[in-house]
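Participant: Structure for this input, please:
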Amino acid sequence: MPVIITVYKDKSFDFIVKASPVAVSIIEAAKIKGGSKEPNRTKVGSLTWDQVREIATNKMKDMNCFTVESAMSMVAGTARSMGVKITGESPLKKD
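Facilitator: Okay, here's the model as predicted:
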């Protein structure tokens, strides 16, 4: 789990526990051991758009985006770079 620790001069501290990385969430949701060595050729698993939405909403507070759709796009990009296929019709707006 990623953690941000801030230590002050008076030796007090604050720490913030972040959500697990998107890649770890994708591995857990797709039930795979790891990403593909050749993601453009070899697919190692698949996710549905509902799973992508769930990962995006869980990670939303740690990401630098303002809408769930943009967070879903970032999660989908990470999944593609890991060799994970996303099944179903995309709910994202196409320009």
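
Participant: Only C-alpha atoms from now on, for both contacts and neighbour counts.
Facilitator: OK.

Participant: Surely residue 39 touches residue 78?
Facilitator: No - contact criterion Cα atoms under 8 Å: residue 39 and residue 78 do not qualify, at 10.7 Å.

Participant: what ranges do the helices span in this protein?
Facilitator: Using DSSP state H, the helices of the chain run over 22-30, 49-59, 68-82.

Participant: Quick one: list the elements packing against the second one.
Facilitator: The reference is to helix 49-59. With contacts taken as 3 or more Cα pairs under 8 Å, 6 or more residues apart in numbering; DSSP states H and E, helix 49-59 sits against helix 22-30, helix 68-82.

Participant: Kindly state the pLDDT recorded for residue 94?
Facilitator: Listed pLDDT for residue 94 reads 65.

Participant: cool, residue 60 as well?
Facilitator: Residue 60 carries a pLDDT value of 89.

Participant: for the closest residue to it other than its chain neighbours, what are its contacts?
Facilitator: Nearest non-adjacent residue to residue 60, counting by Cα to Cα, 6 or more residues apart in numbering: residue 71, 6.5 Å away. Contacts were defined as Cα atoms under 8 Å, 6 or more residues apart in numbering; by that measure residue 71 touches 56, 57, 60, 63, 65.

Participant: now swap in residue 27 and tell me
Facilitator: Contacts of residue 27 by Cα under 8 Å, 6+ apart are 33, 34, 35.

Participant: cool, residue 31 as well?
Facilitator: So residue 31 contacts residue 45 (Cα under 8 Å, 6+ apart).

Participant: what's the distance between the residue nearest the centre of the chain and residue 74?
Facilitator: Closest residue to the average C-alpha location of the chain: residue 22 at 2.4 Å, with Cα atoms, centre = their mean. In this view, residue 22 and residue 74 are 9 Å apart by Cα to Cα, to the nearest Å.

Participant: So which of the contacts of residue 27 wins on neighbours?
Facilitator: Within the contacts of residue 27, residue 35 tops the neighbour count with 20 neighbours, counted by other Cα atoms under 10 Å.
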